[in-house]
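J.: Build the 3D model from these lines:
(2 chains)
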Amino acid sequence: MPTVTIKDEERIGTDARVKIQLSEYLTKLYQTGTPDLSWMNETGEWGMRAKPGPLGLRMKDIEIGSYGVVPDRGGEHRSMAPRGAVLPEGLPSLDFTVNDKYECWADNVSELYEEAVARQWSSARDIPWSELKPLPDDLERAMCQLCTFLTEVEFIAADAPTRWMSRINHDFFEVKMFLATQAMDEARHMDVFRKRALANGGGLGRASVGNERGLRKIFNAPSLTAQTARLHLLGEGFVLTVFRQGEFIAPSRVDQEIFRRCMQDESRHVGYGSMHLRAQLKARPEIAEEVHTELDDAERILLDIFSEPESVEPMAILMGGGVKNFDKGMEMQSNLWRRIVAEYLQRCDSAGLDRRPRCLLPTDFAKLVAAPA
Amino acid sequence: MANFPAPEWFLALGRLMAANGELFRRLGYVETRFVVRVMPAEDGAGIDEAAGLVMEGHELTRAVRLAPAQIEDFDPDFIICGRRPVWDRMLEQIARDGRPELRQTLSSLVLLGEDLWLESIDQLREDKFYRFNQSLQEYFNLASQMPSSA
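T.: Below is the predicted model of the structure:
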């Protein structure tokens, strides 16, 4: 076997401050040459074999025997020891604070993780950038402002949940894995909208105070439950509609491909949020009030966002096909508003939250000006 | 040659999907069952037809003709509804250009809910239309490779 050459090998450790004691086990191993092998008799369920399906070996294929049982409460050791492994004494705690299943779980989380991994895409490779053509000035400015908005807001869905990700008990690793894909999705969204803003001679537009206020509320949410309500249910649901609008108003195939692919990613995030809320409400119906209170504030912030020209006008210009058709664009936007509200409420229904009586969002876009502030 | 929306038409598209396996593998797998419903034109011309489709992985695994009364039993995640002229227009554009014009894609047509619209018993199941939208659109775009698209 060829020897690996390590540069300046003779210098390694010459200035070390700490002396390493060979462990009792290694001392014995070197002295006797006899391996310990006791670990060989400590396996969870030896002999059980996960079988791949037509699409390979997916997470659901390994949910077998005790490995497929997700506990209602995560292990009290609170270490990163894998669920189903034999747990030795002395595992160091990482002090996880989200230790109950209902706090983070969603029944579709493994499915969404696997789907996310399978449906990843590359903004460099999969968007036909070479087809991007100059647009009329008003359309390009509107598209760049929309991209600025999306570059500004998208990464909150990575920054915020990953704050909690590190606090989730490792027995709910499926949730962590899904949130990791969500973070990757959001990185790609930030990347693709920044690229789009810079790719056609426009550049970034104006950041928004209203957006930033809303983002701060999501970032500082006091619990994962609170964050899910604000972020996944209302925020991501709203952005999903923006992506769908984006696919519709896209002035080029480049823009259409961007929005369609982002739309797919965002749907998974909304799917997790809705099912997570459903799991929480089923386990602890009394948290409904906490969720309502969060949504009271989040809906008010959404209305604030619709009070800023940089948030409203670009979409209307793109919908109408130019500044000259602004009124037409606003009318289309008005029709879509009803859809945003309808789908949001249907997601609440699906999660088991009757939001209709408390909802602050007017069903008629024209009533936004008269909405409670 | 079967015509849209006969199950045989969708199955032929499914064979093209298999032949273009690399494209669909790159998009990622799909798991959904849905219905394509073609309703008479505004003037009443045509009949109410529907096909139930199942996509698993990178394949269309099932296509069946459904009477309107059978749709519920098929238990679709979502139903894409539209009048005959709208479907025909989209398929004509696909036959001509390999894909629909801007604002004529499945998602765009569904957005305003006027030309095409979605029906579902559960918003989460309806959202699969969006989760797998690129694959669904590419599947319909394969109609450009069919001898007769409509």
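
J.: Please make it C-alpha for all contacts and neighbour counts, starting now.
T.: OK.

J.: So for stretch A:163-170, what gets flagged as buried?
T.: For stretch A:163-170, a neighbour-count test (16 or more other CA atoms under 10 Å in any protein chain shown) marks A:164, A:165, A:167, A:168, A:169, A:170 as buried.

J.: How about stretch A:214-225?
T.: A:214, A:215, A:217, A:218, A:219, A:221, A:224, A:225.

J.: Also stretch B:73-83?
T.: In stretch B:73-83, counting by 16+ other CA under 10 Å, buried: B:74, B:76, B:77, B:78, B:79, B:80, B:81, B:82, B:83.

J.: In helices, which of the buried residues of stretch A:214-225 fall?
T.: Among the buried residues of stretch A:214-225, DSSP state H puts A:214, A:215, A:217, A:218, A:219, A:224, A:225 in helices.

J.: Now do the contacts for the second one.
T.: Listed by CA atoms under 8 Å, 6 or more residues apart in numbering or on different chains, the contact set of residue A:215 reads A:153, A:156.

J.: From chain B, how far off is it?
T.: 25 Å (CA to the nearest CA, to the nearest Å).

J.: again, but for the first one
T.: Between residue A:214 and chain B the distance is 25 Å, computed by CA to the nearest CA.

J.: That residue reaches residue A:303, doesn't it?
T.: No. With contact defined as CA atoms under 8 Å, residue A:214 does not count as touching residue A:303 (10.4 Å).

J.: name the element the residue nearest the centre of chain B belongs to?
T.: In chain B, the centroid-proximal residue (CA atoms, centre = their mean) is residue B:36; its distance is 5.2 Å. Per DSSP states H and E: residue B:36 is located in strand B:30-39.

J.: Return that strand as PDB; C-alpha atoms alone will do.
T.: Coordinates of the C-alpha atoms in strand B:30-39 are reproduced here as PDB (Å, rounded to 0.1, in the frame of the first residue of the first chain):
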ATOM      1  CA  VAL B  30     -44.100  12.600  -8.400                       C
ATOM      2  CA  GLU B  31     -46.800  10.900  -6.200                       C
ATOM      3  CA  THR B  32     -50.200  12.100  -7.000                       C
ATOM      4  CA  ARG B  33     -53.600  11.000  -8.400                       C
ATOM      5  CA  PHE B  34     -55.600  13.600 -10.100                       C
ATOM      6  CA  VAL B  35     -58.400  14.100 -12.600                       C
ATOM      7  CA  VAL B  36     -58.500  16.100 -15.800                       C
ATOM      8  CA  ARG B  37     -62.000  17.200 -16.500                       C
ATOM      9  CA  VAL B  38     -63.000  18.600 -19.900                       C
ATOM     10  CA  MET B  39     -66.400  20.300 -19.700                       C
END
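
J.: Summarise which helices and strands it is packed against.
T.: strand B:49-57, strand B:78-83, helix B:84-97 (3 or more CA pairs under 8 Å, 6 or more residues apart in numbering or on different chains; DSSP states H and E).

J.: what about these, which gets the closest to residue B:20?
T.: strand B:49-57 (13.4 Å; CA to CA).

J.: Run the angle between the closest one and helix B:84-97 for me.
T.: Interaxial angle of strand B:49-57 relative to helix B:84-97 (axes from the mean of the first three to the mean of the last three CA atoms, to 10 degrees): 50 degrees.

J.: Quick check: next helix or strand after strand B:49-57?
T.: strand B:59-66.

J.: circling back to that earlier point, with the buried residues of stretch A:214-225 in mind, which one is nearest to chain B?
T.: Proximity of the buried residues of stretch A:214-225 to chain B (CA to the nearest CA) peaks at residue A:225, which lies at 19.1 Å.

J.: ok so, going back, let me have the ones in helices among the buried residues of stretch A:214-225 in CSV, adding pLDDT as columns.
T.: Listed next are these as CSV, based on pLDDT from 0 to 100:
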residue, pLDDT
A:214, 88
A:215, 92
A:217, 91
A:218, 92
A:219, 93
A:224, 89
A:225, 88
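
J.: Span of stretch A:246-258 from start to end?
T.: 9 Å (CA to CA, to the nearest Å).

J.: Show me the shaky parts of the chain.
T.: All of this is about chain A. The model of chain A has pLDDT under 70 over residues A:368-373.

J.: that's the wrong chain, I wanted chain B
T.: For chain B, the ranges with pLDDT under 70 are B:148-150.

J.: What residues does it have near chain A?
T.: B:26-29, B:57, B:102-103, B:107-109, B:111-112, B:122-124, B:127-128, B:130-134 (CA under 8 Å from any CA of the partner chain).

J.: how about 7 Å then?
T.: Residues of chain B found near chain A (CA under 7 Å from any CA of the partner chain) are B:27-29, B:57, B:103, B:108, B:111-112, B:122-124, B:127, B:130-134.

J.: and those residues, which are buried?
T.: B:27-29, B:103, B:108, B:111-112, B:123-124, B:127, B:130-134.

J.: Residue A:280 versus residue A:104, what's the distance?
T.: 8 Å.

J.: Next: residue A:39.
T.: The value you get for residue A:39 to residue A:280, if CA to CA is used, is 38 Å.

J.: Have a look at these two and say which one is more surrounded.
T.: The neighbour comparison of residue A:39 against residue A:280 (other CA atoms under 10 Å in any protein chain shown) goes to residue A:280, with 22 against 8.

J.: Just give the closest residue to that one, not the sequence neighbours.
T.: Leaving aside its sequence neighbours, residue A:280 sits nearest to residue A:102 (CA to CA, 6 or more residues apart in numbering or on different chains; 4.9 Å).

J.: Could you do residue A:347 as well?
T.: residue B:123 (5.8 Å).

J.: go on, residue A:316?
T.: Distance criterion CA to CA, 6+ apart; nearest residue to residue A:316, sequence neighbours excluded, is residue A:329 at 4.2 Å.

J.: and that neighbour, what element?
T.: Using DSSP H and E, residue A:329 falls within helix A:326-351.

J.: can you check residue A:254 too?
T.: helix A:253-283.

J.: So for that helix, what gets flagged as buried?
T.: For helix A:253-283, the neighbour count (16+ other CA under 10 Å) marks A:253-281 as buried.

J.: Please point out which parts of whichever helix or strand comes after that helix sit buried.
T.: Sequence-wise, the next helix or strand downstream of helix A:253-283 (DSSP H and E) is helix A:288-305. Neighbour counts using 16+ other CA under 10 Å place A:288, A:291-292, A:294-305 of helix A:288-305 among the buried residues.

J.: can you list contacts of the helix or strand just after helix A:288-305?
T.: Counting by DSSP H and E, the next helix or strand C-terminal to helix A:288-305 is helix A:309-320. The contact list for helix A:309-320 (CA atoms under 7 Å, 6 or more residues apart in numbering or on different chains) reads A:139, A:142-143, A:145-146, A:249, A:305-306, A:323, A:325-326, A:328-330, A:332-333.

J.: The residue in chain B sticking out farthest from the centre and residue A:49: what is the separation?
T.: Outermost residue of chain B with respect to the C-alpha centroid, by CA atoms, centre = their mean, is residue B:43; its distance is 23.1 Å. Separation of residue B:43 from residue A:49 (CA to CA): 60 Å.

J.: my guess is the residue nearest to the centre of chain B meets residue B:80, correct?
T.: Yes. Between residue B:36 and residue B:80 there is a contact under CA atoms under 7 Å: 5.0 Å.

J.: List the contacts of the closest residue to residue A:269 other than its chain neighbours.
T.: Leaving aside its sequence neighbours, residue A:269 sits nearest to residue A:232 (CA to CA, 6+ apart; 6.4 Å). Residues in contact with residue A:232, defined by CA under 7 Å, 6+ apart, are A:269, A:270, A:273.

J.: Could I get the contacting residues of the second one?
T.: It stands for residue A:270. A:232, A:233, A:236, A:237.
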